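**Q** From the sequence below, what's the structure:
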Amino acid sequence: MGLQSEALAGRPKRDLKRAYATRSGGECSRLILEEEFSSESTDSDDPMYDAIVDSDYELNEEDDDVLFQRNVDGDTNKVHEFDEMGYEGNISDVGEDSDGFKSVHSSDSEGEDQGPFRVNGKKRFSNWVEFNVKTDMKNPIFCIGMVFPNNEVFKHAVRKHVVLTKKELRFPRNTKHQVLVRCKTSPGCPFWLYASSTNENNSTMQVVRYTPEHKCSSVAKRVYHCHAPFLAEEYKSTFMADGKWSREGIQNKVIEDFGMHIGYAMCYRAKSRAKKLVEGTIEEQYDLLESYACELKKRNLGTTIWIPTELDENVRKFKRIYICVAALREGWKAGCRPIIGLVGCHLKGVHKGQLLSAVGIDDNNGMYPIAWAIVEKEMKDSWSWFMTSLKDDLEINRSMAYAFISDKQK
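**A** Numbering: from 1, shown residues only. As a prediction, this is how the structure comes out:
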């Protein structure tokens, strides 16, 4: 072993191979015997000792530290990966010379980041405060730079602030991208709140100017913005949870929350509007007829549904609908008498029309529904269309074997 150490000491430095692996967590690549570290070996603290070379403390041209110092030189702005890895810094899309209100992603003030925003598919940070609908809507507080998702959320927050503070605020300017709020409680009140969108293609609203000072007292009566649309939005979940919420209950709830009295008509309008917000209008539900027909056929195989339409200025509109459920049809064939009653009645609602129906009689002399249809009016053409569809469904080939009773033969 001593001869081997002398041979290693006599070899040139470039011919030496690494005795152990320095880049694999310090684990040796071969077994090191205790004799190599005996007292007979040369002291490694000697500057002339070169038996073990290329240690972890020596740098060559391919080491990471050398490459980092050469290419970056301590400046992290040269490394683009810091942005993708989430480097936390004051990031601004418009530069240091920004005016402060052209973009919700720019800021001149120093401090901690307040909220994340998506810009060009990446997550950026801004010093502006973002309005949280779930938590901040209970008691809206405004500040310059506050960001709202859209103008509807901003206006509802203003209305909630008006009802809580009992101030008469108005919207002198109310557009999709600009909303101005002024106080009309008393002349000369300096209150001013103005919000605008960042650009025409973005619905986000940001508070640009805000003067919270009032020189007027609160009103004692009900404020203007405590109306049916506000109440419908405010108590939407309660209206849907309790469909029989009485007028007295609604009035007591408004008095308890806002200290204002509302009338019977406003309670009715707020309840109807809340139902529209959740279920949609009657016109919007006509678009769901085809989905309803597909689901009905899927759940009741063999069901017959016809939905004729008509064109009105290149717009397809509803005309009629005929429904005959397969289970009812087969039940009438199997256990009902050969008697069919035909009746029509008027529909009362927003959209008028006629309801045509065919009813049978079972063995217990009870009424048994067979098919029904909704048509524009009761006339020969609509009855002929309904009877033809009914005949095809019931497979009536000899009409003399059945008895038909109309509503005139009561």
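**Q** contacts and neighbour counts: CA atoms only from here.
**A** Noted.
**Q** which stretches of the stretch 201-350 of the chain have low pLDDT?
**A** Applying pLDDT under 70 to the stretch 201-350 of the chain picks out no residues at all.
**Q** in the helix or strand where Glu290 lies, what's buried?
**A** Here Glu290 sits within helix 289-299, counting by DSSP states H and E. Residues 293, 296-297 are the ones in helix 289-299 that count as buried (16 or more other CA atoms under 10 Å).
**Q** go on, stretch 339-347?
**A** Neighbour count says stretch 339-347 has 340-342, 344 buried, by 16+ other CA under 10 Å.
**Q** mind checking pLDDT for the residue nearest to Glu168 when sequence neighbours are not counted?
**A** Leaving aside its sequence neighbours, Glu168 sits nearest to Thr185 (CA to CA, 6 or more residues apart in numbering; 4.9 Å). Here the pLDDT value assigned to Thr185 is 86.
**Q** Ok, Ala401 next?
**A** pLDDT at Ala401 comes out at 85.
**Q** for it, what are its contacts?
**A** The neighbours of Ala401, taking CA atoms under 8 Å, 6 or more residues apart in numbering as the test, are Pro338.
**Q** Asn139: which of the buried residues of stretch 339-347 is nearest?
**A** Within the buried residues of stretch 339-347, proximity to Asn139 (CA to CA) peaks at Gly344, which comes in at 54.4 Å.
**Q** Now do the contacts for that closest one.
**A** If you count contacts by CA under 8 Å, 6+ apart, Gly344 has them with 354-357, 378, 407.
**Q** Can you say which of these are buried?
**A** Judged by 16+ other CA under 10 Å, buried ones among the contacts of Gly344: 354-357, 378.
**Q** strand partners of the helix or strand following the helix holding Glu290, parallel vs antiparallel please.
**A** Next helix or strand after helix 289-299 toward the C-terminus (DSSP H and E): strand 304-306. Sheet pairing for strand 304-306, assigned by DSSP bridges, gives strand 321-324 (antiparallel).
**Q** what's the following helix or strand after the partner strand?
**A** That would be, after strand 321-324 and using DSSP H and E, helix 326-335.
**Q** Could I get the buried residue list for that following helix?
**A** Applying 16+ other CA under 10 Å to helix 326-335 flags 326, 329, 332 as buried.
**Q** And the closest residue to the second one other than its chain neighbours, its phi and psi?
**A** It stands for Arg329. Leaving aside its chain neighbours, Arg329 sits nearest to Ile370 (6.0 Å; criterion: CA to CA, 6+ apart). The phi/psi pair for Ile370 (degrees, to the nearest 10) reads phi -110, psi -60.
**Q** how many neighbours does Ile370 have?
**A** Applying other CA atoms under 10 Å, we find 26 residues neighbouring Ile370.
**Q** which stretch of helix or strand covers Leu342?
**A** Assigned by DSSP H and E, Leu342 falls in strand 336-347.
**Q** List the strands paired with that strand, with their directions.
**A** strand 353-362 (antiparallel), strand 403-406 (parallel).
**Q** Mind telling me which of the ones you listed the model trusts least?
**A** Across those, the lowest-scoring stretch is strand 403-406, with a mean of 89.
**Q** How about residues contacting that one?
**A** Strand 403-406 is contacted by residues 338-343 when judged by CA under 8 Å, 6+ apart.
**Q** So in terms of bridging, what pairs with the nearest residue to His346 once chain neighbours are set aside?
**A** Closest residue in space to His346, ignoring its immediate chain neighbours: Gln354 at 4.8 Å, by CA to CA, 6+ apart. As for beta bridges, Gln354 partners with His346, Val375 under DSSP bridges.
**Q** What are the neighbouring residues in contact with Gln354?
**A** 344-347, 374-378.
**Q** Report the separation between it and Ala228.
**A** Look at Gln354 and Ala228: by CA to CA, to the nearest Å, they are 33 Å apart.
**Q** The residue nearest to Glu168 contacts Thr165, doesn't it?
**A** No - Thr185 is not in contact with Thr165 according to CA atoms under 8 Å; the separation is 11.6 Å.
**Q** what residues do those two have in common as contacts?
**A** Ser218.
**Q** Between the two, point out the one with more neighbours.
**A** Thr185 (19 against 15).
**Q** List the contacts of that one.
**A** Listed by CA under 8 Å, 6+ apart, the contact set of Thr185 reads 167-169, 216-219.
**Q** repeat for Phe142
**A** 207, 210.
**Q** For it, grab phi and psi.
**A** According to degrees, to the nearest 10, Phe142 has phi -100, psi 160.
**Q** Show me the helices in this protein, by range?
**A** Taking DSSP state H as the test, the helices found in the chain are 2-10, 64-71, 81-84, 133-136, 151-165, 228-234, 236-241, 247-258, 264-279, 282-285, 289-299, 326-335, 380-394.
**Q** Including distance to Arg320, could the ones you listed go into a markdown table?
**A** Converted to a markdown table, these look like this (distance: least, CA to CA, whole Å):
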| stretch | distance to Arg320 |
| --- | --- |
| helix 2-10 | 102 |
| helix 64-71 | 75 |
| helix 81-84 | 58 |
| helix 133-136 | 43 |
| helix 151-165 | 37 |
| helix 228-234 | 33 |
| helix 236-241 | 31 |
| helix 247-258 | 38 |
| helix 264-279 | 23 |
| helix 282-285 | 15 |
| helix 289-299 | 11 |
| helix 326-335 | 20 |
| helix 380-394 | 9 |
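**Q** Give me the domain ranges for this protein.
**A** Listed domain ranges for the chain are 133-278, 287-406 (source: automatic domain parsing).
**Q** thought Ile144 was touching Pro212?
**A** No - Ile144 lies out of contact with Pro212 (CA under 8 Å); the separation is 10.5 Å.
**Q** about what we covered before: kindly reformat the buried residues of helix 289-299 as CSV containing distance to Asn150.
**A** Putting the buried residues of helix 289-299 into CSV (distance: CA to CA, whole Å) gives the following:
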residue, distance to Asn150
Ala293, 36
Leu296, 38
Lys297, 41
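**Q** Pick the one among these closest to Leu311.
**A** Using CA to CA, the buried residues of helix 289-299 come closest to Leu311 at Ala293, 20.5 Å.
**Q** Contacts only, for the closest one.
**A** Counting by CA under 8 Å, 6+ apart, the residues that Ala293 touches are Ile305.
**Q** now do 6 Å
**A** Residues in contact with Ala293 (CA atoms under 6 Å, 6 or more residues apart in numbering): none are found.
**Q** ok, it to Ile307 distance?
**A** 9 Å.
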